[in-house]
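**Q** Show me the folded form of this:
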Amino acid sequence: MFACLHAPGNLPLLVECAKHFSPLIEETSLDTVVFDIRGLRWIYGAPEQIALEIERRVGITANLALASNPDAAIHAARGIRGVTILPPGREAAVLAPLPPYLLGGSPEFARTLDLWGIRTFGEFANLPPLGVAARLGEEGTHIQQMARGAAHRQLRLRVDLQVFREERELEYSLDLLEPLLFLLSQMLSELCERLRFHGRFTNEIRLRLKLERVPDHIITLRLPVPMLESKVLLKLLQLELNGKPPQAPVEKIQLELMPVEPRTTQHGLFLPSSPEPEKLEITLSRIRGLVGAANIGAPELMDTHRPDAFRMKPLMAAKGAAISPHPRLVLRRFRPPYPARVWCTDHGKPVRIFSPIGEGSVVACAGPWKTSGDWWTSEVWDHQEWDVEIQSMGVSRIYRDHLQGQWFIEGNYD
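**A** Residues are numbered from 1 along each chain as shown. Sure thing, here's the model as predicted:
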């Protein structure tokens, strides 16, 4: 059984009433909710008693309908005043007088019904199903089932936005890190217990410290994988606060954990074991405090033609990537590139190279490829690149920096 409440402009009250009877609720529109009431007969008794309890609980004037499927309850609540109970097998008879606009559908569908002279649910429900399918397609067949009160579907459940936040107003300001961490430990334990109760982990920590006479101190930690250990989260906050301490005594603490689905990992029997994500993140946080956040993470190519341009981004959980079945050459770059002396023909084609890593004649070459850019900044570049096969050295990439008038060996191909 399903119950539907309809009252224009009172959605919050309707939702609050539905929550009292069932966790399975669908917000059909801004003035209609439908919810699952299976099992309530063991508490309240017959459908008439259930309807009486719902009507008493809602507290406002609303249409209420009980039916064996959600759509029948919705149409009855929208089209019939007061309380309506649709006995199983009698849905079509109860819904028959309702106007067809309650069925919804596309504008073309509504225009077609109007041209056919259909004015009620019952008239449309009595049409031959094969004819409806031939002329109106799948949409017509489904809507005819709703007109008969025989359409069955699952509820489109509403999802409450769960907020996992704790706030502490301090009786006196804190200017030391140790008492601040003590309070954070309590708040994290409570939040993690709430997350565990709801079957959630967290992948982001948001800490806001209200300070005396200076702007708030805000810390946001984005975790590479979902976590739930309060001790691990506290250690990460401690390392972050050690590196970026508040600039004034703390008057108020606000801590929020963003909920996500728990992580699931399937380990292979024959794969080498890897460090636990929690311990690895603590280690990376310590390294980040020593070398700086901009110098640790995963390299990411930048959207530019500048050679070897990349930046570091935070480490996140790896996603499966497609691997090409065809072997490809890999350029192993030298950082910094090796300076070289290059002898060229009159046409600029390299024929012999001398460098700190070797020398030899050029057996084959391809190029040149000219690249330049960032002329509007202090990091302008202007290169002429060649791929060359050097006797006894393999295949390398060399380039001439026109700004310096110097040749370099950029890397070797594997």
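
**Q** Could you list which residues are in contact with Ala76?
**A** Counting by Cβ atoms under 8 Å, 6 or more residues apart in numbering, Ala76 touches 4, 65, 67, 84, 86, 94-95, 98. From N, CA and C alone the C-beta is placed, and that goes for glycine too.

**Q** Save these as CSV, and put in neighbour count and secondary structure too.
**A** Formatted as CSV, the contacts of Ala76 follow (neighbours: other Cβ atoms under 10 Å; DSSP: H, G, I helix; E, B strand; the rest coil):
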residue, neighbour count, secondary structure
Cys4, 28, strand
Ala65, 27, strand
Ala67, 28, strand
Thr84, 21, strand
Leu86, 25, coil
Val94, 21, helix
Leu95, 28, helix
Leu98, 18, coil
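
**Q** Relative to Leu241, which of those residues is nearest.
**A** Cys4 (52.0 Å; Cβ to Cβ).

**Q** so the closest one bridges to which residues?
**A** For Cys4, the beta-bridge partners are Val34, Ala65 (DSSP bridges).

**Q** Would you mind measuring from it to Arg148?
**A** Look at Cys4 and Arg148: by Cβ to Cβ, to the nearest Å, they are 17 Å apart.

**Q** How many residues are close by Ile183?
**A** One correction, residue 183 is Leu, not Ile. Each residue near Leu183 was counted by other Cβ atoms under 10 Å, and the total is 16.

**Q** In contact with it, which residues?
**A** Neighbour list for Leu183: 168, 174, 253 [criterion: Cβ under 8 Å, 6+ apart].

**Q** wait, the second one sits on Ala248?
**A** No - under the criterion of Cβ atoms under 8 Å, Leu174 lies out of contact with Ala248, with a separation of 10.4 Å.

**Q** These two: who's more crowded?
**A** Ranked by neighbour count (other Cβ under 10 Å), Leu174 and Ala248 place Leu174 first, with 18 against 15.

**Q** so where do the strands sit in the stretch 101-250 of the chain?
**A** For the stretch 101-250 of the chain, the strands defined by DSSP state E, counting those that start in this stretch cover 164-174, 201-211, 217-227, 250-260.

**Q** now the ones you listed in JSON lines, with mean pLDDT and distance to Lys349?
**A** Output for the strands of the stretch 101-250 of the chain, formatted as JSON lines (pLDDT from 0 to 100; distance: least, Cβ to Cβ, whole Å):
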{"stretch": "strand 164-174", "mean pLDDT": "88", "distance to Lys349": "66"}
{"stretch": "strand 201-211", "mean pLDDT": "90", "distance to Lys349": "55"}
{"stretch": "strand 217-227", "mean pLDDT": "87", "distance to Lys349": "49"}
{"stretch": "strand 250-260", "mean pLDDT": "90", "distance to Lys349": "57"}
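
**Q** So for Gln144, which of those sits nearest?
**A** strand 250-260 (42.2 Å).

**Q** Restrict the closest one to CA atoms and write it as CSV.
**A** The C-alpha coordinates for strand 250-260 follow below in CSV (Å, rounded to 0.1, in the frame of the first residue of the first chain):
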residue,chain,number,x,y,z
VAL,A,250,40.7,30.8,19.0
GLU,A,251,37.2,31.7,20.1
LYS,A,252,35.0,29.2,18.2
ILE,A,253,35.6,25.9,16.4
GLN,A,254,33.5,24.6,13.5
LEU,A,255,34.4,21.2,12.1
GLU,A,256,32.6,19.5,9.2
LEU,A,257,33.2,16.1,7.5
MET,A,258,31.8,15.6,4.0
PRO,A,259,30.1,12.2,3.7
VAL,A,260,30.8,9.8,0.9
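
**Q** Specify the angle between that strand and strand 164-174 in degrees.
**A** In terms of direction (axes from the mean of the first three to the mean of the last three Cα atoms, to 10 degrees), strand 250-260 departs from strand 164-174 by 160 degrees.

**Q** Make 29 the first number, not 1, from now on.
**A** Okay, using 29 as the starting number, the last item reads as strand 278-288.
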